[in-house]
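Student: would you be able to build a 3D model of this:
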Amino acid sequence: MNIPGLLRRCSPLVLLACLTPCLAETWVITDSAHPVEVPAGVRLIHLDRLDQLEVALFENLSPDASQAQAAFQDIMTVDAAADISRAHQDIVDAWSLGVSRIPAVVVDRRYVVYGDPNVERALARIEQFRRAAR
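Tutor: Alright, predicted model coming up:
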């Protein structure tokens with residue numbers, strides 16, 4: 001198949017329609033009670049991830065302060081700190097968008113579909129709305 005020849009035969013509108021989903025920034029905002037399958041290239045924000053990380057860090061610490069401090073220093077790695085930082089940022093980002101229900105599929109921080117765990121269907125609904133608005 002000759003791809004450049006095929007591209008020359010496609011109308012600019014067809015190419016734009018094919019490229020639009022690739023260029024859009026897509027986030028899925030949810031929690032562990034509302035599982036969602038997320039395609040590659042889509043940012044997944046779990047609102048309860050910070051709680052899960054904190055439980056994992058503190059659940060097995062000794063009641064003895066010095067033992068707990070030593071154990072915490074062992075488990076609080078650079079990677080663990082980065083995970084906590086990302087979880088905080090995820091919460092801030094979801095809050096800044098004004099997300100009111102989950103799951104939420106957000107495109108370009110502007111379009112949102114609430115309550116649909118099927119990301120592909122939600123993206124299709126957003127694309128349909130965007131086309132109608134043009």
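Student: contacts and neighbour counts: CA atoms only from here.
Tutor: OK.
Student: now do the strands in this structure.
Tutor: 26-30, 43-46, 104-107, 111-114 (DSSP state E).
Student: where in this structure is pLDDT low?
Tutor: 1-23 (pLDDT under 70).
Student: can you pull up the most central residue in it?
Tutor: residue 44 (2.0 Å; CA atoms, centre = their mean).
Student: so it makes contact with residue 29?
Tutor: Yes: counting by CA atoms under 8 Å, residue 44 touches residue 29, with 6.2 Å between them.
Student: between the strands of the chain, which one is closest to residue 56.
Tutor: Judged by CA to CA, the one of the strands of the chain that comes nearest to residue 56 is strand 43-46, at 15.7 Å.
Student: who touches that closest one?
Tutor: Applying CA atoms under 8 Å, 6 or more residues apart in numbering, the contact partners of strand 43-46 are 26-32, 38, 87, 90-91, 94.
Student: can you rerun that using 7 Å?
Tutor: 26-32, 90 (CA atoms under 7 Å, 6 or more residues apart in numbering).
Student: who does that strand pair up with?
Tutor: Strand pairing for strand 43-46, using DSSP bridges, gives strand 26-30 (parallel).
Student: could I get the buried residue list for the strand it pairs with?
Tutor: Across strand 26-30, burial judged by 16 or more other CA atoms under 10 Å covers 26-30.
Student: same question, stretch 127-134
Tutor: Residues of stretch 127-134 classed as buried: residue 127 (neighbour count, 16+ other CA under 10 Å).
Student: and stretch 93-103, by the same measure?
Tutor: Neighbour counts over stretch 93-103 (16+ other CA under 10 Å) mark 94, 99, 102-103 as buried.
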